[in-house]
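Trainee: below is the structure, and that's it, no one-letter string:
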């Protein structure tokens, strides 16, 4: 388990170093940001069994809250970033507390409805969100915290490195969360909610907390996203974005926090590839989603572990044959 | 007479037009091993579900050590020291055997705090506790196995081990021997007897060999109602009970 | 604000609510029988709208466009059920969800490919043009027609479900899915029919909406979100709750447009949250 995690971290680090060499830096930056959103969504989907279709709401709220500060104040960078995370977390508590009381399809529909609520608020509250046009004028302040020396974040690679550091720290924090007692309790509650209740856990409270944590990191990702193109587009809170996030989590595999990282990479690569092919790229993308669901249920992570299990069995069989 | 650990007062549960539990009252004295018997569909498991609030009663009151707990949620009842096991094995299938017990032990020892900042390994003091519970249940060699991979008999043991890991004062066991072989049944029966030396136990059980040999007192249910109550020998002689119960399901 | 205006808005709301009810009713039937969240429902509505628009404008007959839309959406629904969701019965919601999301994406893009991104409008057929005098004010004939058709269809389906043999099978399926196959009924066919019925209702709603709001490629998504709200509000396991909730949402949205026009959409979501907070099982749901 530990060495698997170490391998994962080394590979992830290698990916972070290689990505800006292979992709336009802005796309590589987007990749990291979506990796964080997908990983935080997996705290709900994979660990809590909460199939949230409203992750874009958390992502977007963080983006608007932090982006508003970045566009209208001169605060040092990390303050709006944390602020975005906190606002999203607070909203996530309200959303989670309401949604976890329902299960199955109703839960999915409720999260979706919350997503649309946020979308329409963003759409109509033009003074703050810029409505349909998006929130313009987002800056990338040079100072991370008051008093620290300034970095020129308008140099793409500098910004990339900063995003990599923030996303990396957040991802490590998420790994800690799933490794904590809460992570274990969430898994238990996902497995058998009634039993988890009968040994004395308040399941709804645990799941609401998972929402809050997931919201916090998604919100931070949202703020970073607004800085990539100096604008928070309303598309970021659209339900399609929630669908894409679910796709990332599922295609990567939900059984490990590293799965969503792979999923986000696949998403960004496909999107880049398809969008250069054809303006109607969502059609190709939809077709890929359909194919993945029909033919690759467990996600890439499980595909890898199947292949590894298969290889291990082969080795074992050869070993036995050799002994005999 | 010492205060009852648990008191059910006129508990009733209706599903639509069907009354599954009808006006059931009883009290459990400290240290007692009370068995609830009755034919299938008599409302025994429903009664347990009411006592632990897995179901909400249509009418009646539940009093735990003098405190009215009728309005509490299941996890609150559990925290007041009521542990239960389920008739249909209800373990955490995708967790390892040790994790199953760990989750319950952590809840009891650390108050069910949702700590998300420290690693599970930081709670090393739980490991010997979990180890001891697994050992008592004869599961120590399966600690790292997924619960779903255990044999049925071992799952039944794990079911009880989870319940014990919360160190309840009052234990509700729903057919602990259901589906077990004769040999396993005898072992579980013996385990329940030992449990009852230190805990208050209420047990639903079908197997008369177990019930008659270890229970202090019996309640007999049929059609959602209590039809008899008393010491095992007296109940066994009760003609109404013989008609309702022994006539149909003796020795099952 | 005159009484006349309020009454007109109320009638508007009922007409709008009738469309929501059609959508949510279809979703509920699919949810109840097949136990899947139909994320492609908005796309089926969209297809209904565009087919109605195309047939009506090229053949110059709304009366052909309406049934054509229902048939087209139902046919697409059959394809989705047969070749898509059928293979995923019994797997986790997440897979069904993602599959239907993918299908919705493909269908929406296909509509854009065929009809472009430009919105268009259609006038109601001549006989439904103009308004009737309600005494307090004038009311557009077409809105009355929409309301009437929706309710006739809903009542028709209610009749089928409650009073016919086929309906008895559906009701059995709604209560206990496994029982139906035990009764020796071709459950696969039943599922296909249920999906086609739900899809056809979405197509009908789409077609009826065209003379009111025209066609645009985002109309499916907007409708889907509201239909979900309506289903959640309607209540757990209750297919008729969706009808009541649809009307409620339509009326609230339409009435609030009188006072806070910019926030009327936000308001229905806020209402949903309030109702769910105090009545988690929905309006007509059972706990």
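Mentor: Alright, I've got the coordinates. For clarity, every value in this text was computed on a predicted model and none was experimentally measured.
Trainee: quick one: the strands in chain C, in order.
Mentor: Counting by DSSP state E, chain C has strands at residues C:131-133, C:138-140.
Trainee: check the stretch 1-150 of chain B too.
Mentor: Secondary structure of the stretch 1-150 of chain B (DSSP state E, counting those that start in this stretch): strands at B:6-15, B:18-28, B:33-37, B:59-64, B:67-68, B:82-85.
Trainee: number of nearby residues for residue A:83?
Mentor: When counting by other CB atoms under 10 Å in any protein chain shown, one arrives at 20 neighbours for residue A:83. Every residue, glycine included, has its C-beta placed from N, CA and C.
Trainee: pretty sure it sits against residue A:64.
Mentor: No. Under the criterion of CB atoms under 8 Å, residue A:83 makes no contact with residue A:64, lying 11.0 Å away.
Trainee: surely residue B:81 touches residue B:170?
Mentor: Yes. Counting by CB under 8 Å, residue B:81 does reach residue B:170; the two are 6.1 Å apart.
Trainee: between these two, which one's more packed in?
Mentor: Legend: neighbour count by other CB under 10 Å for residue B:81 and residue B:170, higher for residue B:170 (22 against 19).
Trainee: residue in the stretch 101-250 of chain B nearest to chain C?
Mentor: Across the stretch 101-250 of chain B, no residue is closer to chain C than residue B:148, which sits at 16.5 Å (CB to the nearest CB).
Trainee: rewinding a little: common neighbours of residue B:81 and residue B:170, please.
Mentor: residue B:64 (CB atoms under 8 Å, 6 or more residues apart in numbering or on different chains).
Trainee: quick revisit: export the strands of the stretch 1-150 of chain B to a markdown table and append columns for distance to residue A:10, mean pLDDT and mean neighbour count.
Mentor: Formatted as a markdown table, the strands of the stretch 1-150 of chain B follow (distance: least, CB to CB, whole Å; pLDDT from 0 to 100; neighbours: other CB atoms under 10 Å in any protein chain shown):
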| stretch | distance to residue A:10 | mean pLDDT | mean neighbour count |
| --- | --- | --- | --- |
| strand B:6-15 | 56 | 91 | 18 |
| strand B:18-28 | 58 | 90 | 18 |
| strand B:33-37 | 57 | 92 | 24 |
| strand B:59-64 | 53 | 92 | 18 |
| strand B:67-68 | 55 | 91 | 10 |
| strand B:82-85 | 44 | 91 | 27 |
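Trainee: partner residues bridging residue B:6?
Mentor: Beta bridges link residue B:6 to residue B:28, residue B:64, judged by DSSP bridges.
Trainee: can I assume it is in contact with residue B:25?
Mentor: No. Using CB under 8 Å, residue B:6 is not in contact with residue B:25; the gap is 11.5 Å.
Trainee: low-confidence ranges in the stretch 151-287 of chain C?
Mentor: For the stretch 151-287 of chain C, applying pLDDT under 70 flags the ranges C:174, C:176-185, C:236-237, C:285-287.
Trainee: quick one: the helices in it?
Mentor: If DSSP state H, counting those that start in this stretch is used as the criterion, the helices of the stretch 151-287 of chain C fall at C:165-175, C:177-182, C:187-213, C:219-234, C:241-259, C:264-278.
Trainee: mind checking those for the one nearest to residue A:287?
Mentor: For the helices of the stretch 151-287 of chain C, proximity to residue A:287 was assessed by CB to CB; helix C:219-234 is nearest, at 18.2 Å.
Trainee: ok, and does the closest one reach over to chain A?
Mentor: Yes. Applying CB under 8 Å from any CB of the partner chain, one finds helix C:219-234 in contact with chain A at C:221, C:225, C:228, C:229, C:231, C:232.
Trainee: next, the angle helix C:187-213 makes with that helix.
Mentor: 110 degrees (axes from the mean of the first three to the mean of the last three CA atoms, to 10 degrees).
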